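*Asks:* output the structure for:
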Amino acid sequence: MTQTVYSSMNALKTEEKQVLLLCIGNAGRADDGLGWLFADRVNQQFGEAFTVEYRYQLQVEDAELVSRFQEVYFVDATETFYDAGFSLERCIPAETYFYSSHLQSPEAILYLCANLFDKRPTAWLLSISGVDWMLGNAMSAEAFSNFESAWKSWCRLFFRKALAKSYFHNMNYRAIVTPALLLLLNSRATAHSGHGHTDGESLLHYLAEPIHLVVLLTAVIILALLGHRFIVHKEAVEPEYNKKDA
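*Replies:* You can find the predicted model right below:
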């Protein structure tokens, strides 16, 4: 009886994190801190859903870290100008290896990961445009605007993937639904604080944004899946309790 209950409860435990964010930058050089700012935002709004690492630059050792995950996001500032303020694209392994172990590109890290550890995680590169690279903690207004655009695009990508059944199979349910709800509530509070809207008007105005609808629908779907999963395990355990009572 005890073993049966333990097995059923153990099946409800959350699984290990399978998504890594390697955020590259330097908060002491103005817009070069965009990558770290992104890491801060993910930690604040998504809690335990991801493994987030801060880097000044990528090194050979990061190939081993990357090999442990199914999906990896490299986030960095760039001097390249993009009309959207950022670029979010798949990152493909390339045979570009720098002899200095203190300077590696995301493509080189993926190349080393595949060749040294025979691991090929799905990888994305998020490059956010900056304009000021002087010493100082203050970020330019243009870079911060680009950051917000990149954040929204990344959230859309993430929640689209989360809606896929295959993605749910390996993800931590609790770690997904909690940040989804937090993102919904925090964004609404930030967007409408002090604007004079009534609660009803604020909600309608908030849901007019496609990303907000996606977040809300994702949270609802995950809650439904969690409820179904709990009921299935509850039904599996109850007969054992009934036998004991009899």
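
*Asks:* out of the helices and strands in this protein, which is least certain?
*Replies:* helix 2-11 (a mean of 32; mean pLDDT, DSSP states H and E).

*Asks:* tell me the helix or strand right after that helix.
*Replies:* For helix 2-11, the following helix or strand on the C-terminal side (DSSP states H and E) is strand 19-24.

*Asks:* quick one, strands of the chain?
*Replies:* 19-24, 51-55, 71-78, 86-90, 122-129 (DSSP state E).

*Asks:* I'd like these laid out as JSON lines, including mean pLDDT and distance to Ser145.
*Replies:* Quick note: C-beta positions are derived from backbone N, CA and C, even for glycine. Formatted as JSON lines, these follow (pLDDT from 0 to 100; distance: least, Cβ to Cβ, whole Å):
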{"stretch": "strand 19-24", "mean pLDDT": "96", "distance to Ser145": "19"}
{"stretch": "strand 51-55", "mean pLDDT": "95", "distance to Ser145": "23"}
{"stretch": "strand 71-78", "mean pLDDT": "97", "distance to Ser145": "14"}
{"stretch": "strand 86-90", "mean pLDDT": "96", "distance to Ser145": "10"}
{"stretch": "strand 122-129", "mean pLDDT": "97", "distance to Ser145": "10"}
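
*Asks:* hmm, Phe50 is touching Val42, no?
*Replies:* Yes. Assessed by Cβ atoms under 8 Å, Phe50 is found in contact with Val42 at 6.1 Å.

*Asks:* mind listing the shared neighbours of those two?
*Replies:* Counting by Cβ atoms under 8 Å, 6 or more residues apart in numbering, the common neighbours of Phe50 and Val42 are Leu21.

*Asks:* I'd like the strands of the chain laid out as JSON lines, including mean neighbour count and distance to Phe38.
*Replies:* Output for the strands of the chain, formatted as JSON lines (neighbours: other Cβ atoms under 10 Å; distance: least, Cβ to Cβ, whole Å):
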{"stretch": "strand 19-24", "mean neighbour count": "23", "distance to Phe38": "5"}
{"stretch": "strand 51-55", "mean neighbour count": "17", "distance to Phe38": "9"}
{"stretch": "strand 71-78", "mean neighbour count": "24", "distance to Phe38": "5"}
{"stretch": "strand 86-90", "mean neighbour count": "15", "distance to Phe38": "10"}
{"stretch": "strand 122-129", "mean neighbour count": "22", "distance to Phe38": "7"}
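
*Asks:* nearest to Leu217, out of these?
*Replies:* strand 19-24 (20.3 Å; Cβ to Cβ).

*Asks:* just checking: what are the partner strands of the closest one?
*Replies:* Strand 19-24 sits in its sheet next to strand 51-55 (parallel), strand 71-78 (parallel), going by DSSP bridges.

*Asks:* can you redo those as CSV with distance to Ala123?
*Replies:* Listed next are the strands paired with strand 19-24 as CSV, based on distance: least, Cβ to Cβ, whole Å:
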stretch, distance to Ala123
strand 51-55, 14
strand 71-78, 5
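
*Asks:* all helices of the chain, in order?
*Replies:* 2-11, 34-46, 62-66, 106-117, 141-163, 165-170, 173-192, 199-207, 210-245 (DSSP state H).
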